[in-house]
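>>> next comes the sequence, and after it the predicted model I'd like to discuss.
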Amino acid sequence: MPVLLLAGGGCATVATVHPREAADIGSASRGSALEASLARPGQVTFQRVAFARWTGGRGAFIDRDDPRTAAVPKGDEEATIYAYVIDHPRFGRYLIDGGVSRALEPRLNPLMRRALQDLNVRIDRSIAEWLAAQTPPRAVFLTHLHFDHVGGVLDLADGTPVYVGAGDAEERNLMHRLTGRPADIALSGKGALREWTFTPDPDGVFAGVIDVFGDGSVWAISLPGHSPGSTGYLINAVDGPKLVTGDAVSTRLGWEQGMPQPLPASARAAAEASAAALRRFVAARPGVEVFLGHQSRTGQSD
């Protein structure tokens with residue numbers, strides 16, 4: 001969802017009151033180890049699934065107060081809510097991000113329901129509908145706790161583990177109070193959030209990296225800025241490496257033209273550093289396929 005709606009500035013309350021604990025999988029590593037893993041054959045299968053779409057003005061995605069955006073014409077952007085399915089031959093199935101749930105909207109407060117109507121949100125499928133013909137995931141790896149990345153977790157079985165970057169549950173801003181903490185609704189019954197324990201990357205490739213399964217097949221990447229615990233994921237898939245950016249870069253305007261997001265002043269430097277690190281990494285490794293937070297890159301199809 002556009003950052004102005006769900007990550008606005010100001011200080012009021014926490015993003016979620018859900019309990020938290022340290023992740024029980026994954027170990028801190030370094031950028032050079034991540035890079036070396038790409039030289040090995042991939043062993044994980046990867047699939048992107050589109051769950052819903054909405055239409056928002058470009059000012060919800062780029063900072064119209066920044067002079068760098070002046071040349072971008074006014075207009076709307078079409079955005080998609082995705083989740084990603086990874087199947088590991090030893091450890092099983094996992095989701096990256098949560099898709100959507102049709103059961104969530106009736107439980108939201110009036111302001112949040114009105115926001116969804118204004119954005120013309122169209123649900124293609126819910127997680128519950130998708131699960132009807134699928135093996136359920138063993139856990140969910142979130143890119144961050146904003147509503148449009150966590151909402152479908154509501155449809156998963158109680159007790160499904162949910163992993164997220166440290167700091168996201170403590171995010172403080174006015175919009176989280178006004179929208180009624182939708183993340184808490186989605187996370188009901190899922191147990192404590194399991195927070196990735198990032199440490200500074202000694203190689204400086206990213207802010208931090210975690211080898212999720214200990215075999216170089218899936219990496220969690222610390223990308224603070226869009227949210228305090230914003231996390232990307234690099235998957236060494238059988239058909240080539242895939243980079244899921246989350247909303248560290250959500251649109252083609254952000255990736256191709258480097259347009260800054262509308263964020264509180266305190267988050268802007270971190271957000272731009274995270275986006276720049278992603279672009280440098282991919283520029284040096286053109287074989288990595290990039291999956292932006294809410295749009296396909298040129299040539300990709302949903």
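Looks like it arrived, so ask away.

>>> do a quick rundown of the helices in the stretch 151-300 of the chain.
174-178, 182-186, 252-256, 265-284 (DSSP state H, counting those that start in this stretch).

>>> hey, which of these is tucked in deepest?
The highest mean neighbour count among the helices of the stretch 151-300 of the chain, using mean count of other Cβ atoms under 10 Å, belongs to helix 182-186: a mean of 25. The C-beta positions use only the backbone N, C-alpha and C, and glycine is treated the same way.

>>> of the helices of the stretch 151-300 of the chain, which is nearest Ala79?
Proximity to Ala79, assessed across the helices of the stretch 151-300 of the chain by Cβ to Cβ, is greatest for helix 252-256 (10.9 Å).

>>> give me the helices and strands touching that closest one, please.
strand 289-292 (3 or more Cβ pairs under 8 Å, 6 or more residues apart in numbering; DSSP states H and E).

>>> at 10 Å what do you get?
Contacts defined by 3 or more Cβ pairs under 10 Å, 6 or more residues apart in numbering; DSSP states H and E place helix 252-256 against helix 265-284, strand 289-292.

>>> okay, the ones you listed in JSON lines with mean pLDDT and distance to Tyr82 next?
Listed next are those as JSON lines, based on pLDDT from 0 to 100; distance: least, Cβ to Cβ, whole Å:
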{"stretch": "helix 265-284", "mean pLDDT": "96", "distance to Tyr82": "17"}
{"stretch": "strand 289-292", "mean pLDDT": "98", "distance to Tyr82": "7"}
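
>>> nearest to Gly189, out of those?
Nearest to Gly189, of all the helices and strands packed on helix 252-256, is strand 289-292, at 28.6 Å by Cβ to Cβ.

>>> check the residue sitting furthest away from the middle of the chain and give its pLDDT.
Relative to the centre of the chain, the most outlying C-alpha is that of Ala71, 27.7 Å out, by Cα atoms, centre = their mean. Ala71 carries a pLDDT value of 95.

>>> check His146 too.
So His146 comes in at 90 (pLDDT).

>>> where in this structure is pLDDT low?
By pLDDT under 70, the weakly predicted segments of the chain are 1-15, 171-180, 299.

>>> can you do 90?
Applying pLDDT under 90 to the chain flags residues 1-19, 108-120, 147, 168-184, 298-302.

>>> picking up where we left off before, relative to Ser101, which of the helices of the stretch 151-300 of the chain is closest?
Smallest distance to Ser101 across the helices of the stretch 151-300 of the chain (Cβ to Cβ): 7.0 Å, for helix 182-186.

>>> can you pull the contacts of Pro89?
43-45, 217, 238 (Cβ atoms under 10 Å, 6 or more residues apart in numbering).

>>> take these and write them to a markdown table, including distance to Trp130.
Shown next, in a markdown table, are these (distance: Cβ to Cβ, whole Å):
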| residue | distance to Trp130 |
| --- | --- |
| Gln43 | 24 |
| Val44 | 19 |
| Thr45 | 16 |
| Ser217 | 23 |
| Val238 | 22 |
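
>>> and stretch 50-62, how far out from the chain middle?
With Cα atoms, centre = their mean, to the nearest Å as the basis, stretch 50-62 stands 14 Å off its chain's centre.

>>> now do the buried residues in that stretch.
51-54, 56, 58-62 (16 or more other Cβ atoms under 10 Å).

>>> looking at those, which are in strands?
In this view, those that belong to strands under DSSP state E are 51-54, 56.

>>> closest to Ile210 out of the buried residues of stretch 50-62?
Ile210 has its nearest neighbour among the buried residues of stretch 50-62 in Phe51, at 26.0 Å by Cβ to Cβ.

>>> from Leu145, how far out is that closest one?
Applying Cβ to Cβ, to the nearest Å, the value for Phe51 to Leu145 is 17 Å.
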